[in-house]
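Chemist: Return atomic coordinates for the entry below.
(one chain, ligands or ions: 1)
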Amino acid sequence: MFQSEVILSDIYKDDAISTVKVLVLQLSDKAKMTNIMKFLTTKLPMTQISMNHLKRINSKHDNFQILISPIKDSSCYKNVDIIQKTINEMNEDLREFLLGFDSDNLCLREVAASSPLTRNQFERLSPLWPVNFFENKYIAKCLDGSIFSPDHWKRIHELMIETLNMLNNDSPSCMSSIIVKDNGKRIVTKTISRTNQHPLHHAVIVAISNVAEIHKQAKEQLLKDPDSFQGDNHYYKDDYLCTNYDCFLSQEPCIMCAMALVHSRIRRVFFFESTTISTITNECYDQPYTVQKLHINSNLNHRYEVWKLSKQENYANKKQRTS
Ligand SMILES: [Zn+2]
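Modeler: Just a heads-up that it's a prediction; the model follows:
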């Protein structure tokens with residue numbers, strides 16, 4: 001069985017959200033809270049300071065902390081200077097309001113710079129300061145793998161094994177590809193790269209050409225005889241390019257093939273992570289998914305999901321190396 005990982009934008013990495021310093025007012029007297037909050041909501045609302053992703057109040061036991069404002073540049077000042085400088089730069093009402101408190105009531109805190117996008121980010125950032133979190137259910141399901149049913153996962157693993165088995169041990173420079181529809185229930189085409197015959201005959205390019213030819217033949221056949229339900233013709237009669245198709249690859253493809261899959265309107269790509277350098281062909285040095293994130297580039301008019309599958313033992317070794 002394989003270890004799987006969806007290749008998402010870097011914004012979903014656990015440490016993708018940075019932190020910023022904010023000025024905080026500490027209070028133990030709850031009775032003053034209502035008036036202070038009324039004043040701050042009018043004079044310095046959270047929208048004005050671009051802190052809408054945070055709660056204004058952080059309460060722990062009998063101690064209350066109220067977020068006042070972010071610190072502009074804290075890199076070259078001591079804490080006490082930063083607090084004074086921040087207050088001095090405020091308008092007169094706010095300055096007078098803050099100077100009415102003892103300096104011990106004012107402090108700096110580190111908070112999330114923006115809303116967390118994943119539960120891991122939320123769990124890392126929420127202990128700093130209460131933060132709003134609206135989980136993207138689809139991304140969450142991709143991250144924990146529950147986006148696919150157990151039966152679908154089983155089929156994905158079978159198809160990846162079939163893709164890898166297409167490679168001949170004597171020619172490790174080859175790359176293999178399988179394009180499927182209906183969640184893998186039907187194999188549309190299986191190909192191996194033939195760059196020894198033509199420099200552009202990469203497995204993906206050949207597979208996409210095959211799909212076009214299969215569609216063409218099916219549609220021509222149905223034009224000749226619209227009532228014909230013989231053969232596979234009816235399976236492809238409504239298909240457009242590789243829309244709703246998935247592609248299995250024996251390794252990460254080259255940039256040309258990754259782009260060809262964009263043009264083909266593929267839905268999803270699963271590739272096997274080759275960890276042995278001798279089995280990685282020239283076709284995947286570009287790393288269009290793991291490094292360039294081409295499949296989620298917002299400048300493209302079609303984007304697709306990419307999953308990396310690797311052997312359990314490779315994954316275990318890698319974890320050991322990084323820990
Ligand atoms: Zn290629």
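
Chemist: contacts and neighbour counts: CA atoms only from here.
Modeler: Will do.

Chemist: Show me where the stretch 201-323 of the chain has its strands.
Modeler: For the stretch 201-323 of the chain, the strands defined by DSSP state E, counting those that start in this stretch occupy 246-249, 268-272, 305-311.

Chemist: ok, now which ones touch Glu5?
Modeler: Contacts for Glu5 (Cα atoms under 8 Å, 6 or more residues apart in numbering) come out as Leu143, Trp307, Lys308, Leu309.

Chemist: Any figure for the gap between it and Asp73?
Modeler: 38 Å (Cα to Cα, to the nearest Å).

Chemist: on that earlier part again, looking at the contacts of Glu5, which one is closest to Ser115?
Modeler: The closest of the contacts of Glu5 to Ser115 turns out to be Leu143 (Cα to Cα; 17.9 Å).

Chemist: quick one: the helix or strand hosting the closest one to strand 305-311, angle?
Modeler: Element membership of Leu143, judged by DSSP states H and E, is helix 137-144. Helix 137-144 and strand 305-311 are oriented at 10 degrees to each other (axes from the mean of the first three to the mean of the last three Cα atoms, to 10 degrees).

Chemist: chain center to helix 137-144, what's the gap?
Modeler: Distance, stretch centre to chain centre, for helix 137-144: 9 Å (Cα atoms, centre = their mean, to the nearest Å).

Chemist: Would you mark the buried spots in the very next helix or strand once past it?
Modeler: The element immediately downstream of helix 137-144 (helix or strand, assigned by DSSP H and E) is helix 150-165. Buried residues in helix 150-165, defined by neighbour count with 16 or more other Cα atoms under 10 Å: Trp153, Ile156, His157, Leu159, Met160, Ile161, Glu162, Thr163, Leu164.

Chemist: Stretch 93-112 now?
Modeler: Buried positions in stretch 93-112, judged by neighbour count with 16+ other Cα under 10 Å: Leu94, Leu98, Leu106, Cys107, Leu108, Arg109, Glu110, Val111, Ala112.

Chemist: Averaged over its residues, which helix or strand of this structure has the lowest pLDDT?
Modeler: None of the helices or strands of the chain scores lower by mean pLDDT, DSSP states H and E than helix 312-322, at a mean of 48.

Chemist: Quick check: most distant residue from the centroid of this protein.
Modeler: Gly100 (46.8 Å; Cα atoms, centre = their mean).

Chemist: residues contacting that one?
Modeler: Counting by Cα under 8 Å, 6+ apart, Gly100 has no contacts.

Chemist: what about 10 Å?
Modeler: For Gly100, the contacting residues are Leu94, by Cα atoms under 10 Å, 6 or more residues apart in numbering.

Chemist: Need phi/psi at it.
Modeler: Note on Gly100: backbone dihedrals following degrees, to the nearest 10 are phi -80, psi -10.
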